[in-house]
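Visitor: Okay, here's the prediction I keep looking at, along with the sequence it came from:
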Amino acid sequence: MDTSRSYAEKLDKQDPLAKWRKEFYIPEREILGLDGKKSVKPIHYFEGNSLGLMSTYAEKGIQNEINLWKTLTSRNSDVGDQTREYQAKLVGADPDEVIMAAGATINIHVLISTFYQPEGKRTKVLADELNFPSDLYALWGQIRLKGEDPDENLVLVKSRDGKTIEEDDIIAAMDDTVSVCFLPSVYFTSGQLLDIERLTKAAHEHGIKIGFDCCHSIGIVPHYFDKWGVDFALWCNYKYMNGGSGAIAGLYVNKRHFGTMPGMPGWWGNSWSNRFDFETNFKPAENAEAWFVGNPSNFAQAPVYGSSKMVDEAGIENIRKKSLKITRYLMDLVDAELTGEPYNYTVGNPRAPERRGGHVALMHPEGQRLNLALSNRGVLADFRPPTTIRLTPVPLYTSYVEVWECVQHLKQAIDNREYENYSKDQHQYV
Ligand SMILES: *Cc1c(COP(=O)(O)O)cnc(C)c1O
């Protein structure tokens with residue numbers, strides 16, 4: 001392992017995606033540098049798995065929509081259809097199977113209300129204990145709305161190590177009491193990537209419908225929903241998709257379910273053929289549009305249109321390739337420089353490329369306070385209890401030199417015991 005800075009510089013020179021960095025707005029602020037001095041410099045942004053940076057593409061998308069509104073042509077805007085096309089490509093689907101709608105959690109409600117239909121002894125929803133809590137709240141609520149008891153019917157597969165879930169354990173829990181299985185593609189803390197194809201096949205062998213929350217994989221991992229036969233899926237667009245805080249989300253329904261009555265109908269889901277006839281009976285659209293509730297905001301779609309176009313131009317396969325390489329580089333540096341006394345950092349995510357998403361889960365008993373010390377050094381990462389610092393090199397804007405510098409900052413924060421300057425009660429977002 002070459003731990004020199006010049007090696008990182010060499011990797012940057014060879015990086016085919018390096019040209020995209022200049023399309024992003026990277027804020028500057030006063031930071032404590034590796035030379036021990038404070039100065040105003042661009043931050044090292046390692047939180048793109050949580051909230052991506054703004055790009056010129058997203059900005060242009062918004063500007064364009066503003067101009068359309070000024071000239072009252074916004075009703076004719078095709079930003080929705082264009083965004084769907086880009087996003088359908090990203091998830092391996094037909095544009096007919098994808099809509100841009102609402103937010104991730106709302107789309108879980110929309111989809112589970114449709115596909116969870118308890119019948120006879122098939123009354124259970126199969127999920128797992130490591131999913132993002134919002135997803136579990138939505139499942140819990142949907143089970144109650146169907147008049148079933150969540151204590152009995154929400155089955156959570158347990159983690160063996162507190163970080164990952166074994167596919168074998170999920171499959172072992174698939175039986176004829178399960179109606180729907182709902183899982184994340186990538187775990188938000190450990191970064192584990194599930195084998196979607198294998199799980200989908202197993203679910204179908206047991207007569208179970210299966211859906212995935214792809215918030216942590218969209219824009220960083222390629223998806224092939226049609227090929228895999230996934231029943232339904234949803235994702236948000238503000239993480240690796242860089243669509244802006246709370247950006248409009250995506251929703252996918254496999255075409256074999258077209259015609260199924262949506263659980264939460266609304267006028268925008270009515271068939272286009274008579275959507276404006278305002279009839280009292282709901283007639284679902286012939287494709288995934290049936291799962292629209294109200295009409296989606298053009299302004300919410302505009303930045304996602306821009307950033308989806310950018311991901312399309314850069315190529316999702318190229319993005320995945322750099323992501324695996326740069327996260328591997330980060331893990332190798334951690335192994336070489338940050339393990340053992342006095343540093344004691346460990347890598348908490350799975351190591352195999354096919355088992356990991358886009359972030360590195362760095363673990364340290366002082367993770368919370370170290371993350372605050374890192375922020376003072378202009379390295380923005382995020383902390384997830386109890387000990388994980390999530391570090392995300394984003395292929396479109398993170399350089400290898402930034403990763404190298406991040407590791408030096410992690411080292412100096414321990415050398416100088418900087419975490420001791422922070423209180424254990426201090427929250428990251430104050
Ligand atoms: C980010 C994320 C969400 C966010 O939900 P919103 O409704 O967009 O606020 C939900 N689930 C998972 C798994 C996520 O990673």
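Guide: Yep, that arrived. Predicted model, so just to flag it, every value in this text is computed and none were measured.
Visitor: For the residue of the stretch 151-300 of the chain found nearest the ligand, grab the count of nearby residues.
Guide: Nearest residue of the stretch 151-300 of the chain to the ligand, counting by C-beta to the nearest ligand atom: residue 215, 3.4 Å away. Every C-beta, even on glycine, is put in place using the N, C-alpha and C of the backbone. Applying other C-beta atoms under 10 Å, we find 26 residues neighbouring residue 215.
Visitor: Got the domain ranges for this structure?
Guide: 5-42+315-421, 57-314 (automatic domain parsing).
Visitor: would you turn those domains into a markdown table with mean pLDDT?
Guide: Converted to a markdown table, the domains of the chain look like this (pLDDT from 0 to 100):
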| stretch | mean pLDDT |
| --- | --- |
| domain 5-42+315-421 | 97 |
| domain 57-314 | 96 |
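Visitor: Including distance to residue 49, could those domains go into JSON lines?
Guide: Shown next, in JSON lines, are the domains of the chain (distance: least, C-beta to C-beta, whole Å):
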{"stretch": "domain 5-42+315-421", "distance to residue 49": "4"}
{"stretch": "domain 57-314", "distance to residue 49": "6"}
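Visitor: For residue 48, which of those domains is the nearest?
Guide: Among those, the nearest to residue 48 by C-beta to C-beta is domain 5-42+315-421 (3.6 Å).
Visitor: Would you verify that residue 112 is located in a helix?
Guide: Yes: using DSSP: H, G, I helix; E, B strand; the rest coil, the assignment for residue 112 is a helix.
Visitor: Could you grab the helix/strand/coil label for the nearest residue to residue 299 once chain neighbours are set aside?
Guide: Leaving aside its chain neighbours, residue 299 sits nearest to residue 65 (5.7 Å; criterion: C-beta to C-beta, 6 or more residues apart in numbering). Classification of residue 65 by three-state DSSP places it in helix.
Visitor: Hmm, residue 65 is touching residue 78, no?
Guide: No: at 11.1 Å, residue 65 does not count as touching residue 78 under the criterion of C-beta atoms under 8 Å.
Visitor: neighbour-wise, which of those two wins?
Guide: Neighbour count, other C-beta under 10 Å: between residue 65 and residue 78, residue 65 has more, with 22 against 12.
Visitor: In contact with that one, which residues are there?
Guide: Residues near residue 65 by C-beta atoms under 8 Å, 6 or more residues apart in numbering: 74, 77, 79, 298-299, 301-302.
Visitor: buried subset of the residues you listed?
Guide: 77, 79, 298-299, 301-302 (16 or more other C-beta atoms under 10 Å).
Visitor: Show the contacting residues for residue 293.
Guide: Contacts for residue 293 were tallied using C-beta under 8 Å, 6+ apart; they are 101-102, 110, 264-266, 268-269.
Visitor: what's the longest strand along the chain packed up against?
Guide: Of all the elements of type strand in the chain, the one with the most residues (DSSP state E) is strand 178-184. Packed against strand 178-184 by the contact rule (3 or more C-beta pairs under 8 Å, 6 or more residues apart in numbering; DSSP states H and E) you find helix 104-115, strand 124-128, helix 133-145, helix 196-205, strand 209-213.
Visitor: got CSV for those, with distance to the ligand and mean neighbour count too?
Guide: Shown next, in CSV, are the helices and strands packed on strand 178-184 (distance: least, C-beta to the nearest ligand atom, whole Å; neighbours: other C-beta atoms under 10 Å):
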stretch, distance to the ligand, mean neighbour count
helix 104-115, 3, 23
strand 124-128, 11, 24
helix 133-145, 5, 18
helix 196-205, 14, 18
strand 209-213, 5, 26
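Visitor: now the ones you listed in JSON lines, with distance to residue 166?
Guide: Below are these laid out as JSON lines (distance: least, C-beta to C-beta, whole Å):
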{"stretch": "helix 104-115", "distance to residue 166": "23"}
{"stretch": "strand 124-128", "distance to residue 166": "10"}
{"stretch": "helix 133-145", "distance to residue 166": "19"}
{"stretch": "helix 196-205", "distance to residue 166": "11"}
{"stretch": "strand 209-213", "distance to residue 166": "17"}
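Visitor: That's all I had, so thanks and see you.
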